[in-house]
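1. Return a 3D structure for these sequence lines:
(one chain, ligands or ions: 1)
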Amino acid sequence: MLNQLKQNALKEIAATKELKGLDAVYRRYLGRKGELTKVLRSLKDLSEKERKETGTAANEIKRGLEEAVGEKRREFLAPSGKTPSLSRFGGTSGKTPPSGVNWLDVTAPGVKPAVGHLHPITLVQRQVEDIFQSMGFSVVDGPEVETEYYNFDALNIPPGHPARDVLSLGRTFYLKKGGLMRSHTSPMQIRYMEKHNPPIRMIVPGKVFRVEATDSSHETNFYQLEGLMIGKDVSVANFKAVIQEFLENFFKKSIKVKLRPSYFPFVEPGFEIDMSCTMCVGKGCAACKYSGWIEMMGAGMIHPKVLKSGGLDPKKWQGFAFGMSLDRLTMIKYRINDIRLFHSGDLRFLQQF
Ligand code: FA5
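-> A predicted model of the protein is given here:
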């Protein structure tokens, strides 16, 4: 009787033309209420001797049928007769699974889910913070919505001062309810001095806002890095040494720094800092407009009036301040030629970092 069952099942398996039919045959013989399953379940009612004989035979038939079903199933999955590709299931090991088992290679390396990553400006900001922290600077945060007092007046730019119009700092977004979006990070110089006694060494990375007709190097929203160092005898020489150390650490090459006289109302003397071009090393290339130098930041010795605004005695204390754009630093580091890419949300750009 068992032999008959086996012959019938094998015939039916061989005659199936599609997976659905094969599944039906499988269920008919090997399913929960299948014919062979019924035989196996009834073993408990037999004598010990019969149970042993019938059990061995039935189990052997079960294995044989499972193998036949598995083989047929593989035929359906790969009609060309080739072993089906495991890549569909993330598998690359090329192993053939045992018969009757679905195609899943658990030893194959998994498919990595896409994960987000840090924005290039964030990467640069973190690197900059690490370098300055290693030189003893604290990292400080400040408000993006400011008052006219901190953004201008306390920095020696009173109402009517020509600098409000001349400097791009004056291209400011004013808020209907009063106040403004800070147009630079310098207001934090005053806020920090008000709360901390010298000696002071701090940096402020953060967003700033300006009314701009945007182009490849100007955005309405960009990031600045403010720096402040105050002590009894902090000098321009100290500034040059700190900034050179920072730039060489950041770009990981030897760099020359040059100070050019410039004007900002909150410093005296004021200067613009150039560094030797990181690409052509001073020889002249398109990146530095063939000058060999790249403009990096504004800086200077803190104006006595600004120290006073911060509550410090200019006869006792002196120091330097600087302000640079983190966007610009990022663009030089990664050779990005358009600042507008940073806020474009273009994944083709962002996924490169
Ligand atoms: C300032 O903002 C001063 N607060 C810097 C400073 C601090 C001087 C302390 C002295 C002492 P300035 O407006 O030049 O300066 O801006 C600083 C840098 O920001 C510029 O060198 C330039 O690289 C960058 N920058 C200015 N406007 C934009 C803009 N619209 N988009 C992107 N970067 C800009």
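
2. what about stretch 11-25, start to end distance?
-> With C-alpha to C-alpha, to the nearest Å as the measure, stretch 11-25 spans 10 Å from end to end.

3. Give me the contacts around that stretch.
-> With C-beta atoms under 8 Å, 6 or more residues apart in numbering as the test, stretch 11-25 has contacts from 9, 28, 65, 68-69, 72-73, 76. For every residue, glycine as well, the C-beta is placed using N, CA and C.

4. ok, 10 Å please
-> For stretch 11-25, contacts defined as C-beta atoms under 10 Å, 6 or more residues apart in numbering pick out 8-10, 26, 28-29, 31, 34, 65, 68-73, 75-77.

5. got the residues of the stretch 1-150 of the chain near the ligand?
-> Within the stretch 1-150 of the chain, no position lies close to the ligand (C-beta under 6 Å from any ligand atom).

6. Could you point out which residue ranges in the stretch 1-150 of the chain have low pLDDT?
-> 79-102 (pLDDT under 70).

7. Can you report phi and psi for whichever residue of it sits closest to the ligand?
-> In the stretch 1-150 of the chain, the residue that lies nearest the ligand is residue 121 (11.4 Å; C-beta to the nearest ligand atom). Phi and psi for residue 121, reported as degrees, to the nearest 10, are phi -70, psi -40.

8. before we move on, which element is the nearest residue to it once chain neighbours are set aside in?
-> Here the nearest residue to residue 121 in space, its sequence neighbours aside, is residue 330; by C-beta to C-beta, 6 or more residues apart in numbering that works out to 5.2 Å. Taking DSSP states H and E as the criterion, residue 330 maps to helix 326-334.

9. Would you mark the buried spots in that helix?
-> By 16 or more other C-beta atoms under 10 Å, the buried positions in helix 326-334 come out as 326-333.

10. I'd like the distance from that helix to the chain centre, please.
-> Between the centre of helix 326-334 and the centre of its chain there are 16 Å (C-alpha atoms, centre = their mean, to the nearest Å).

11. what does the helix or strand following that helix rub up against?
-> Sequence order places helix 347-350 as the next helix or strand after helix 326-334, per DSSP H and E. Residues from elsewhere that reach helix 347-350 (C-beta under 10 Å, 6+ apart): 116-120, 336, 338, 341-342, 344.

12. let's see 8 Å
-> The contact list for helix 347-350 (C-beta under 8 Å, 6+ apart) reads 117, 119-120, 341.

13. Buried by neighbour count, from these: which ones?
-> Listed as buried from the contacts of helix 347-350 are 120, 341; burial here means 16+ other C-beta under 10 Å.

14. Now for residue 308: which residues touch it?
-> By C-beta under 8 Å, 6+ apart, the contact set of residue 308 is residue 314.

15. Would you agree it falls within a strand?
-> No. Read with DSSP: H, G, I helix; E, B strand; the rest coil, residue 308 is helix and lies in no strand.

16. Looking at the stretch 51-200 of the chain, which residue is nearest the ligand?
-> Closest point on the stretch 51-200 of the chain to the ligand, by C-beta to the nearest ligand atom, is residue 184, at 3.5 Å.

17. Report pLDDT for that residue.
-> For residue 184, the pLDDT comes out at 96.

18. count of residues packed around residue 165?
-> A count of neighbours around residue 165, defined by other C-beta atoms under 10 Å, yields 10.

19. Please apply the same query to the one 10 residues further on.
-> When counting by other C-beta under 10 Å, one arrives at 11 neighbours for residue 175.

20. thought it was touching residue 145?
-> Yes. Using C-beta atoms under 8 Å, residue 175 is in contact with residue 145, at 6.9 Å.

21. joint contacts of the two?
-> Here residue 175 and residue 145 share the contacting residues residue 181, scored by C-beta under 8 Å, 6+ apart.

22. contacting residues for whichever residue of the stretch 151-300 of the chain sits closest to the ligand?
-> Scanning the stretch 151-300 of the chain for the residue nearest the ligand gives residue 298, at 3.1 Å (criterion: C-beta to the nearest ligand atom). Residue 298 makes contact with 262, 264, 270-273, 322-324, according to C-beta under 8 Å, 6+ apart.

23. again with residue 40
-> By C-beta under 8 Å, 6+ apart, the contact set of residue 40 is 55, 58-59, 62.

24. please redo it, this time with the cut-off set to 6 Å
-> Contacts for residue 40 were tallied using C-beta atoms under 6 Å, 6 or more residues apart in numbering; they are residue 58.

25. sorry, back to before: are we agreed that the residue of the stretch 151-300 of the chain closest to the ligand is in a strand?
-> Yes. Under three-state DSSP, residue 298 falls within a strand.

26. Just the buried residues of stretch 72-79, please?
-> Neighbour-count burial for stretch 72-79, counted by 16+ other C-beta under 10 Å, picks out 72-74.

27. Next: stretch 121-133.
-> Buried-residue list, stretch 121-133, by 16+ other C-beta under 10 Å: 121, 124-125, 128-129, 131-132.

28. do the same with stretch 61-70
-> For stretch 61-70, by 16+ other C-beta under 10 Å, it's 61-62, 65-66, 68-70.

29. Distance check, residue 242 against residue 261.
-> Separation of residue 242 from residue 261 (C-beta to C-beta, to the nearest Å): 20 Å.

30. More neighbours: those two, which one.
-> For residue 242 versus residue 261, neighbours defined as other C-beta under 10 Å are more numerous around residue 242 (20 against 9).

31. Now name the helix or strand holding the residue of the stretch 51-200 of the chain closest to the ligand.
-> For residue 184, there is no host helix or strand (DSSP H and E).
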